[in-house]
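*Asks:* no sequence for this one, just the structure:
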Ligand SMILES: NC(=O)c1ccc[n+]([C@@H]2O[C@H](COP(=O)([O-])OP(=O)(O)OC[C@H]3O[C@@H](n4cnc5c(N)ncnc54)[C@H](OP(=O)(O)O)[C@@H]3O)[C@@H](O)[C@H]2O)c1
């Protein structure tokens, strides 16, 4: 049994990961900004404060592994300058605090697994007829999300100088019934509307929630795993394919199919609309070659599971 500290463990991925780790017999410490009571003997909540740069030292001294997920939600609010600053600093300042604590508090932490996102990559190249997927050696995009992910990944790098193993996952769009993008995709479908975004041709590199959690566990258990890996399923799909398949699984033939025009998305989402309209085809070959196998490799298997789970 190991003790795993999860920063941002109250969120979408952290909650599902906590359940998986507990099932596997591990103990979990959730590092949060707000103290919470725990009803489960193997889950403890401890507090940190990024502004004050303070952290409960027990979080570090008790942990065998750290999973770093904390960060202000990228799609939760419009991207004002203030919000952009919060999105970046919640990630970089939390990494700095972890590094500082790892230096100052005697500990036995063996590895740090940090989230990043496929927002690291830019837009698929339009000029080539051959499909090219982004691999881990690509350069970071210079737009807001690319820059955010670059700074986020850089901020956690000093873990290596401290002699600890570091794994970074560039996570794709997580499909889960409990929140995130998939819950948003489902809302119009519940009313019989398959709402395709823009042209719907843009490629979505997605991953099922169970697979992203299994991948984190794989990184904890596999001492040879080190460096950056894309956490996406092997079969990216277009927004249109995803939306129509979801509508079919949820409603059979009883739905209407409509396109939400780009200008409506821009009015609704502001600068963030770029992200739902962007096409990013991302490769999972590196993590597959390292021995990871997906429970949900196809969009049919992932959506089929999620729709049945809720039924
Ligand atoms: N879900 C996806 O599709 C997806 C895709 C790519 C990358 N990721 C990345 O993976 C990580 C986990 O994703 P998630 O979907 O589980 O995120 P989430 O549901 O938004 O949870 C993130 C957690 O971070 C903490 N947090 C929020 N705002 C914060 C702030 N300003 N300062 C410090 N901590 C803050 C919160 O924990 P407390 O309130 O308990 O402190 C929250 O539960 C995130 O960094 C996200 O960007 C997610």
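*Replies:* Yep, it's here. No experiment lies behind these values; they were computed from the predicted model shown. Numbers count the residues shown, from 1 in each chain.

*Asks:* contacts and neighbour counts: CA atoms only from here.
*Replies:* Noted.

*Asks:* roughly how far apart are the spatially most central residue of the chain and the ligand?
*Replies:* Closest residue to the average C-alpha location of the chain: residue 171 at 4.3 Å, with CA atoms, centre = their mean. From residue 171 across to the ligand, the span is 4 Å (CA to the nearest ligand atom, to the nearest Å).

*Asks:* Next: residue 54.
*Replies:* Taking CA to the nearest ligand atom, one finds residue 54 at 12 Å from the ligand.

*Asks:* Ok, residue 199 next?
*Replies:* 21 Å.

*Asks:* follow-up on the earlier one: just confirm the residue nearest to the centre of the chain contacts residue 232, I think it does.
*Replies:* Yes: applying CA atoms under 8 Å, one finds residue 171 in contact with residue 232, separated by 6.3 Å.

*Asks:* Need the overlap of contacts for these two.
*Replies:* By CA atoms under 8 Å, 6 or more residues apart in numbering, residue 171 and residue 232 have these common neighbours: residue 207.

*Asks:* ok, residue 111 - contacts?
*Replies:* 64-66, 164-167, 220.

*Asks:* Quick check: pLDDT value at it.
*Replies:* Looking at residue 111, its pLDDT stands at 98.

*Asks:* count of neighbours near the spatially closest residue to residue 122 that is not a sequence neighbour?
*Replies:* Nearest non-adjacent residue to residue 122, counting by CA to CA, 6 or more residues apart in numbering: residue 141, 4.8 Å away. Using other CA atoms under 10 Å, residue 141 has 17 neighbouring residues.

*Asks:* now residue 141, what's its secondary structure?
*Replies:* Under DSSP: H, G, I helix; E, B strand; the rest coil, the three-state class of residue 141 is coil.

*Asks:* go on, residue 296?
*Replies:* With three-state DSSP as the criterion, residue 296 reads coil.

*Asks:* Excluding chain neighbours, what is closest to it?
*Replies:* Leaving aside its chain neighbours, residue 296 sits nearest to residue 302 (5.2 Å; criterion: CA to CA, 6+ apart).

*Asks:* Checking my notes, the one you found in a strand, right?
*Replies:* No: using three-state DSSP, the secondary structure at residue 302 is helix, not a strand.

*Asks:* ok, it - contacts?
*Replies:* 175, 208, 296.

*Asks:* Confirm that residue 189 lies within a strand, as I assumed.
*Replies:* No: looking at residue 189 with three-state DSSP, it is helix, so not inside a strand.

*Asks:* Tell me how many other residues crowd it.
*Replies:* If we define neighbours as other CA under 10 Å, then residue 189 has 22 of them.
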